[in-house]
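In: Give me coordinates for this.
(one chain, ligands or ions: 1)
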Amino acid sequence: MSGAGLVVRDLSVGYGPVRALRRVSLEVPEGAVVTVLGANGAGKSTLLRAISRTLSFHGGAVTGGTVTLDGRRLDRLSPDRVVAAGVCQVPEGRRVFARMKVADNLRAGALGGSGSGRSAALARVHELFPVLAERAGQRAGLLSGGEQQMLAVARALMATPRVLLLDEPSLGLAPLMARRIADTVREINTQGTSVLLVEQNAALALRLATRAYVLEVGEVTLSGPAAELSASDEVRRRYLGVVDEDAAADAEQATDRTLTRWEG
Ligand code: ATP
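Out: Here you go, the predicted model:
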């Protein structure tokens with residue numbers, strides 16, 4: 001491991017007696033999109049919470065390992081210091097302040113930033129999501145699900161992070177809206193922000209990412225270039241819903257043989 005970018009090394013996490021992550025290691029190199037795939041309960045959200053130091057709000061704690069950004073330890077910082085260090089999480093479930101105006105939601109994301117930095121961040125966010133400029137005075141709770149997801153991402157961007165942690169941004173969205181969110185993630189990355197993306201939509205995630213990790217019951221069981229993982233039978237079968245053609249053909253032949261014996 002090189003030590004540049006975001007580096008997670010041997011990270012273990014527990015919720016009381018429940019061990020949710022076991023010695024998980026991964027890297028998000030500067031400028032990359034990296035994805036973590038895994039079934040429900042594999043530990044994906046836990047991983048993001050451990051990086052953003054928000055685990056304690058969920059009753060969890062890191063029991064071992066380190067998280068660094070360009071060699072600087074993040075795993076001893078408070079959540080706000082992690083944001084200040086350049087790592088910002090968009091939690092699962094498009095959490096927005098529903099009763100607050102769109103503009104105030106964005107302002108909340110920029111708390112602590114300087115005046116000029118805030119204006120530049122707001123201009124970038126409005127360019128990425130013009131609808132948030134159009135609806136600036138509206139309550140966030142009145143936005144559609146997709147627009148609320150945009151607002152959740154935009155609020156995180158207001159802190160001008162170097163690394164964006166995205167937890168299932170396409171969850172519950174119609175395919176068209178999910179694609180729009182994916183396009184935006186690509187655009188955000190092109191503008192220089194690294195992305196660690198947790199997604200249940202593996203097809204979408206593998207198209208966006210350069211590198212992917214598979215998490216199973218709290219452990220990394222597979223990792224490699226996204227293109228390689230997309231082509232692997234295991235990932236195709238388990239996460240892309242592709243039937244293994246060879247195995248299917250073998251099963252069909254075996255059934256044919258059995259039927260022939262019966263009929264004979
Ligand atoms: P999903 O896709 O369903 O969100 P996930 O891969 O993000 O799943 P986590 O939510 O990180 O998985 O959960 C990992 C493990 O930790 C699971 O066994 C889960 O039951 C447990 N867990 C998660 N949150 C808590 C919590 N607040 N308290 C106790 N156990 C928890």
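
In: show me what contacts residue 164?
Out: Residue 164 makes contact with 88, 89, 90, 153, 156, 157, 188, 193, 194, 195, 196 under the criterion C-beta atoms under 8 Å, 6 or more residues apart in numbering. Any C-beta I mention is one placed from the backbone N, CA and C, and that applies to glycine too.

In: near the ligand, from these?
Out: Among the contacts of residue 164, proximity to the ligand is found for none (C-beta under 6 Å from any ligand atom).

In: mind putting these in a markdown table, secondary structure and neighbour count included?
Out: Output for those, formatted as a markdown table (DSSP: H, G, I helix; E, B strand; the rest coil; neighbours: other C-beta atoms under 10 Å):
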| residue | secondary structure | neighbour count |
| --- | --- | --- |
| 88 | strand | 25 |
| 89 | strand | 23 |
| 90 | strand | 24 |
| 153 | helix | 24 |
| 156 | helix | 22 |
| 157 | helix | 25 |
| 188 | helix | 22 |
| 193 | coil | 20 |
| 194 | strand | 23 |
| 195 | strand | 22 |
| 196 | strand | 26 |
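
In: Reformat those as TSV; add distance to residue 238 and pLDDT.
Out: Putting the contacts of residue 164 into TSV (distance: C-beta to C-beta, whole Å; pLDDT from 0 to 100) gives the following:
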residue	distance to residue 238	pLDDT
88	30	94
89	26	93
90	26	90
153	28	92
156	30	92
157	32	92
188	28	92
193	30	94
194	26	96
195	23	97
196	21	97
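
In: Let me know the closest of these to residue 204.
Out: Closest to residue 204 out of those is residue 195 (12.8 Å), distances taken as C-beta to C-beta.

In: Run a quick neighbour tally on the closest residue to the closest one other than its chain neighbours.
Out: Counting by C-beta to C-beta, 6 or more residues apart in numbering, residue 195 lies nearest to residue 33, which is 4.5 Å off, once chain neighbours are set aside. By other C-beta atoms under 10 Å, the residues close to residue 33 number 25.

In: again with the one 10 residues further on
Out: Residue crowding around residue 43 was assessed by other C-beta under 10 Å; the count is 26.

In: So which residues make contact with stretch 213-223?
Out: Applying C-beta under 8 Å, 6+ apart, the contact partners of stretch 213-223 are 13, 19-26, 34-39, 41-44, 46-47, 211-212, 229, 232, 234-235, 239.

In: tell me the average confidence for that stretch?
Out: Averaging pLDDT along stretch 213-223 gives 94.

In: can you tell if that stretch touches the ligand?
Out: No. Residues of stretch 213-223 are not located near the ligand by C-beta under 6 Å from any ligand atom, the shortest gap being 6.6 Å.

In: Could you give the bridge partners of residue 8?
Out: residue 26, residue 67 (DSSP bridges).

In: Tell me if I'm right that it and residue 23 touch.
Out: No. With contact defined as C-beta atoms under 8 Å, residue 8 does not reach residue 23; the gap is 10.2 Å.

In: okay, and the common contacts of the two?
Out: Shared contacts of residue 8 and residue 23 (C-beta under 8 Å, 6+ apart): residue 65.

In: Neighbour count for those two, which is higher?
Out: residue 8 (24 against 13).

In: Check the residue nearest to residue 195 and give its pLDDT.
Out: Per-residue confidence (pLDDT) for residue 33: 97.

In: Mind jotting down where the helices sit in the protein?
Out: Taking DSSP state H to define them, one finds helices in the chain at 44-52, 79-85, 102-109, 115-128, 130-134, 145-157, 175-190, 202-208, 226-231, 233-238, 245-263.

In: what's the most buried one of the ones you listed?
Out: helix 44-52 (a mean of 25; mean count of other C-beta atoms under 10 Å).
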